[in-house]
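Enquirer: how does the following fold in three dimensions:
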Amino acid sequence: MNTSEDLLICVACGTQFDLPADEPPKGCRICDDPRQYVPPSGQQWTSLAKMRGSYRNNFSPVGKDNGEERMTSIWTEPKVAIGQRCILIQTDQGNVLWDCITYLDEETTDFIKGKGGLKAIVISHPHYYTTHLDWAKTFDCPVYIAQDDAEWLNRADHEGRRKLFSGDSQAILDQTVAIKTGGHFPGSLVLKWQDKLMIADSFVTVPSALYHIDRLPGTTSYSFMWAVPNMIPLPPSELHKMWQSIKPYDFNSTHGAFVGHEVRDSNVKKRVLESMKIQTRAMGWQDHPLLRER
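Expert: Sure, this is the predicted structure:
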């Protein structure tokens, strides 16, 4: 394991900075951004060294069949920062880690290496950049990030681990592609593998998505947010761009930022578009090009 034990980590968002733990700045630039927030208790810092002995990562298959047995949710307890999971995907070409979490320890390292290590890490957006350079060094693999969000990187990449891409999509391995949807951040990504779409919070899985049987018309499955915790939605113009980014791809399930946020439905792509239209109409739009999409 190759970790930067004493570098600063923001308690609220889990981002690691190129600063020693005994030299904290006034604030965290991720949390000071209007998309995020500083808790009522104020700005607080920690480090991997301080976290040792108090946290542990958990591992659970995403599902039992249809390829989901080759996907493992990894998350930390007690909850760290935002509380997202990362997903280990065992593809035929090698393992890909979708998104990243702050806490990395020997148990996690051994678990992943026991399944073949990592060929690549792909991170959806800056809120989940966390300790990604430590992960990349530990598993000796590249980290794919959208160039559009490079301004939010907070550590120098002295070993050249990051692969910043500027196109609309980026092939990771033969059957895996990162798709730039934008929206939440200009470079927000989703990841397609087989018929599955990893969405993080580029598309926010809402409670009514998880049991969608015999639901009334107008019941949404996803929301599309500029600021998730501060509940600022994206406008229809952004939703339309997001739809156009995924329209060429077919998928039968989505897998969100948190454990249990799986939506399995042969009509799930239709539900994404339907949710975009619901949000557009709720904003008062009755005539927008997105509403004419099929």
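Enquirer: only C-alpha atoms for contact and neighbour calcs from this point on.
Expert: Fine.
Enquirer: element containing residue 187, please.
Expert: Taking DSSP states H and E as the definition, residue 187 sits outside all helices and strands.
Enquirer: that one is in contact with residue 151, isn't it?
Expert: No - assessed by C-alpha atoms under 8 Å, residue 187 is found out of contact with residue 151, at 10.8 Å.
Enquirer: who has more neighbours, these two?
Expert: residue 187 (25 against 8; other C-alpha atoms under 10 Å).
Enquirer: which ones are touching that one?
Expert: The contact partners of residue 187, taken as C-alpha atoms under 8 Å, 6 or more residues apart in numbering, are 125, 146-149, 180-181.
Enquirer: again, only using 10 Å
Expert: 124-126, 145-150, 165-168, 179-181, 202 (C-alpha atoms under 10 Å, 6 or more residues apart in numbering).
Enquirer: shared neighbours of residue 187 and residue 151, which are they?
Expert: In contact with both residue 187 and residue 151: residue 126, using C-alpha under 10 Å, 6+ apart.
Enquirer: can you give me the strands in the stretch 51-200 of the chain?
Expert: With DSSP state E, counting those that start in this stretch applied, the stretch 51-200 of the chain shows strands at 56-61, 71-77, 86-91, 94-98, 120-122, 143-146, 162-165, 169-173, 176-180, 189-193, 196-200, listed in chain order.
Enquirer: including mean neighbour count, could these go into a markdown table?
Expert: A markdown table is the format used below for the strands of the stretch 51-200 of the chain (neighbours: other C-alpha atoms under 10 Å):
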| stretch | mean neighbour count |
| --- | --- |
| strand 56-61 | 16 |
| strand 71-77 | 20 |
| strand 86-91 | 24 |
| strand 94-98 | 22 |
| strand 120-122 | 25 |
| strand 143-146 | 26 |
| strand 162-165 | 17 |
| strand 169-173 | 17 |
| strand 176-180 | 23 |
| strand 189-193 | 25 |
| strand 196-200 | 24 |
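Enquirer: out of the ones you listed, nearest to residue 104?
Expert: Closest approach to residue 104 among the strands of the stretch 51-200 of the chain is made by strand 56-61 (7.9 Å; C-alpha to C-alpha).
Enquirer: any of the contacts of residue 187 buried? List them.
Expert: Buried members of these, counted by 16 or more other C-alpha atoms under 10 Å: 124-126, 145-146, 148-149, 165, 179-181, 202.
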